[in-house]
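Visitor: The sequence isn't on hand, but the structure is:
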């Protein structure tokens, strides 16, 4: 099992890093770094094996080297807020911003290899296919775009009639989901058409695949819901925080799926999921354990 660290960005311009220390009895968490990365609030965080990249309203992408625990420089190419970041493996970083640009960076030289005018409005979200050959982006121009990352060209454009806030490939890459306010559309890669739609009770703020057919969804309330995408039903829900859930991520540790949630209540929580449980036979019962609760600097409301 590799070492797991949780990285969180705040409105207070600071990035926090913590090491997760599992044990049979009680899990611990150890602070490993605090980095005042920006001159404005953070808007995006991404991590690879070596680097952390953070985007901000100060129009920069700041890099932090996890091996040396030192600043590694800044990427200055966007005009306006850097809204989304994603690494692909150890070789590339993708960034999107309010300027409508999608940029592809080399993690070896940190040169900007491609600058693509992706959207007429803001780029709100991007996701790289597991193969590394395709990427999806959505923006405030009511378009969903598929990009060929080999040649940096648009492969497909779909009008979606609404501004989308989130887009995400499934772990296998045979489907992807697009979020528009409180609605989530499920697309098939093969047909590029909608195969299902989910509606949440509030605006959706974060989504995360737990496995290829299980999707965790959180919004502007205290709850997390897990949906089975085959039946399109909520198979698990629980109150995760005292305030809205702002962000989610997950990782596997000793074949255990751990969901990480962060909230405006100032806490980060880790939840255990047994993915082998037949959730469909036990609707709305969620097998979970709070391994630890981390009190971090409170977020300001946005």
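Guide: The structure has been received and is ready for your questions. Bear in mind that the values here come from a model prediction, so they are computed numbers and not experimental data.
Visitor: In the sheet, which residues pair with residue 196? Tell me.
Guide: With DSSP bridges applied, residue 196 shows beta-bridge pairing to residue 186.
Visitor: so it touches residue 232, yeah?
Guide: Yes - contact criterion Cβ atoms under 8 Å: residue 196 and residue 232 qualify, at 4.8 Å. C-betas here are computed from N, CA, C, even on glycine.
Visitor: Settle it for me: which of the two has more neighbours?
Guide: residue 196 (16 against 13; other Cβ atoms under 10 Å).
Visitor: residues contacting that one?
Guide: 185, 186, 229, 232 (Cβ atoms under 8 Å, 6 or more residues apart in numbering).
Visitor: Mind doing that once more with 7 Å?
Guide: By Cβ atoms under 7 Å, 6 or more residues apart in numbering, the contact set of residue 196 is 186, 229, 232.
Visitor: Can you tell me the closest non-neighbouring residue to the second one?
Guide: The one in question is residue 229. residue 213 (5.0 Å; Cβ to Cβ, 6 or more residues apart in numbering).
Visitor: any weak-confidence spans in the chain?
Guide: 1-2, 276-302 (pLDDT under 70).
Visitor: where along the protein do the helices fall?
Guide: Shown for the chain, no helices are assigned by DSSP state H.
Visitor: which one in it is furthest away from the centre?
Guide: Residue farthest from the centre of the chain, counting by Cα atoms, centre = their mean, is residue 25 at 30.0 Å.
Visitor: Ramachandran coordinates for that one?
Guide: Recorded main-chain torsions at residue 25 are phi -90, psi -60, according to degrees, to the nearest 10.
Visitor: Next, format the contacts of residue 196 as CSV and append distance to residue 70.
Guide: Shown next, in CSV, are the contacts of residue 196 (distance: Cβ to Cβ, whole Å):
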residue, distance to residue 70
186, 42
229, 42
232, 47
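Visitor: Out of those, which is nearest to residue 125?
Guide: residue 186 (15.7 Å; Cβ to Cβ).
Visitor: any idea how far residue 196 is from the residue nearest to residue 229?
Guide: 11 Å (Cβ to Cβ, to the nearest Å).
Visitor: can you pull the contacts of residue 164?
Guide: Contacts of residue 164 by Cβ under 7 Å, 6+ apart are 124, 138, 144, 178, 179, 180.
Visitor: again, only this time at 10 Å
Guide: With contact set as Cβ atoms under 10 Å, 6 or more residues apart in numbering, residue 164 has these partners: 124-125, 136-144, 178-181, 183-185.
Visitor: Narrow these to those in strands?
Guide: 124-125, 136-139, 143-144, 178-180, 183-185 (DSSP state E).
Visitor: Switch those over to TSV; also include neighbour count and distance to residue 36.
Guide: Shown next, in TSV, are the ones in strands among the contacts of residue 164 (neighbours: other Cβ atoms under 10 Å; distance: Cβ to Cβ, whole Å):
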residue	neighbour count	distance to residue 36
124	22	26
125	22	26
136	23	33
137	25	30
138	30	31
139	26	30
143	19	36
144	21	36
178	24	35
179	25	31
180	18	35
183	15	38
184	24	35
185	20	39
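Visitor: got TSV for the residues you listed, with distance to residue 93 too?
Guide: Formatted as TSV, the ones in strands among the contacts of residue 164 follow (distance: Cβ to Cβ, whole Å):
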residue	distance to residue 93
124	18
125	15
136	16
137	15
138	19
139	19
143	23
144	22
178	23
179	23
180	26
183	30
184	26
185	27
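Visitor: State the pair within those that is farthest apart.
Guide: Farthest pair in the ones in strands among the contacts of residue 164, by Cβ to Cβ: 137 and 183, 18.6 Å.
Visitor: ok now stretch 95-103, how far from the chain's centre?
Guide: 16 Å (Cα atoms, centre = their mean, to the nearest Å).
Visitor: Compute the first-to-last residue distance for it.
Guide: Separation of the first and last residues of stretch 95-103 by Cα to Cα, to the nearest Å is 5 Å.
Visitor: tell me the strands in the stretch 201-302 of the chain, going along the chain?
Guide: 204-211, 214-219, 223-228, 233-239, 245-253, 256-263, 267-273, 290-295 (DSSP state E, counting those that start in this stretch).
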